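Undergrad: okay, here's the prediction I keep looking at, along with the sequence it came from:
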Amino acid sequence: MNYMDFFISKNVIPNDYKLKYLITIPCVNRKERNAINVIERTFESFDKSGMFSENNDIDYTILLFESGSKDTSYLNFIDKYNVKNNIHIIKSEVPLDGNSNTLKMFYYLNKLTVKYDFVLWMDDDVFVCNNFLQNADIWIKKYANFSLFSSLYVPYNSFIIKGKKHVHLANLPAFYGTCCTVFKPQLSKYVIPKWYNQHFQKFNYNPDTRFRDGLRQSFPRAKYICVSYPSLVQHMNIGSAIKQKTIVSKGHFTKTFIGEDNDPMFNVNLN
C-alpha cells in the first residue's frame, strides 16, 4: 500500500457518517513563566460556540497536554465544562518546553487504543466561530481526505480553487500556526522520528515547523494542503506567551477569521 494514499484518499465522507474527533491542546501554566494565562478565555470561546451544549451531537474528546507545571490549578475551571466527562488532562512528571510537550502529544496519539478519525490540534490561546464543531465536521468530511493534513486557521497565503467557495489550496512549505490543524492520528508515527532533526535543533524550530518539515521529508510528493475559507479559528495575537512577558508583542493571526459571533453555515452553502 502506498502510505500517501491512506492519508490522501480523495474520498468525500458522507454527511450522515458520524466521525469521532480528538481535540488536542498542549498547554502550560504561563503565569509560572511570567506570562498571561489565557486558556480559560479559549474555553469561554468554545462554550460560546456551542461546543458544550447538550444539543451538540458531535462525538469529540478533548485532551489537554499539561507541560509539568508546579501548579496545575490554573486548569481547575475545566470542571464546569466537563459535564460529559470527555475533557482529560494528561500531566507530565517533569517540566517540558513547547517542543517536548508537543512531542509527548504525538507519542500519545501514536499509542492510541481508541479509534479516532481525525485530530484537531489546537493552541491554548484561540477564539473559534459560532457553531465551530458543526462547521468543522462538515468541512472535514468534504475536504480533509484531499491533503496530507489540513487547517481551519490560515494566516499564510492561500489560493482559490475554481468553482469552490469555502476551500482554498495553500503551499505545504508555507504552513505555520497550529491553531487548528486537522490530521489523521496515524500521521503521528511519521512526525516522531524527525522531531529532533539536527537542522530543526540548530535553528530552534517551533512545533508547527517541526511537524511541517518532518512530514515534508517523509512525504516529498505532498506539495499542497486544503485549508478553510474563511478561517474558523483565530489566534489571540499576543505573541508566544510562554516566551513573552506580561506586556506582550503581537504574534501571528489571520485576516480571514469569520468572527466569534458569526456562523459560516457550511451546512447550507459549503461547495
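TA: Cool, the structure landed.
Undergrad: phi first, then psi, for the nearest residue to residue 154 once chain neighbours are set aside.
TA: Distances taken as CB to CB, 6 or more residues apart in numbering put residue 227 closest to residue 154, at 4.5 Å, once the chain neighbours are dropped. Using the backbone N, CA and C atoms, a C-beta is placed for each residue, glycine as well. For residue 227, the backbone dihedrals are phi -140, psi 150 (criterion: degrees, to the nearest 10).
Undergrad: residue 135 against residue 263, yeah?
TA: Yes. Residue 135 is in contact with residue 263 according to CB atoms under 8 Å; the separation is 7.1 Å.
Undergrad: overlap in contacts of these two?
TA: Here residue 135 and residue 263 have residue 129 as joint contacts, going by CB atoms under 8 Å, 6 or more residues apart in numbering.
Undergrad: pLDDT below threshold where in the stretch 1-150 of the chain?
TA: 1-2 (pLDDT under 70).
Undergrad: just the helices in the stretch 51-200 of the chain please.
TA: 98-110, 132-143, 188-191, 198-202 (DSSP state H, counting those that start in this stretch).
Undergrad: TSV for those helices, including distance to residue 172 and mean neighbour count?
TA: Putting the helices of the stretch 51-200 of the chain into TSV (distance: least, CB to CB, whole Å; neighbours: other CB atoms under 10 Å) gives the following:
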stretch	distance to residue 172	mean neighbour count
helix 98-110	18	19
helix 132-143	15	23
helix 188-191	14	19
helix 198-202	16	11
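Undergrad: wait, doesn't residue 77 sit right on residue 41?
TA: No. Taking contacts as CB under 8 Å, residue 77 lies outside contact range of residue 41: 10.3 Å.
Undergrad: which one's more surrounded, the two?
TA: Higher neighbour count among residue 77 and residue 41: residue 41, with 15 against 12, using other CB atoms under 10 Å.
Undergrad: does the more buried one count as helix, strand or coil?
TA: Three-state assignment for residue 41 (DSSP: H, G, I helix; E, B strand; the rest coil): helix.
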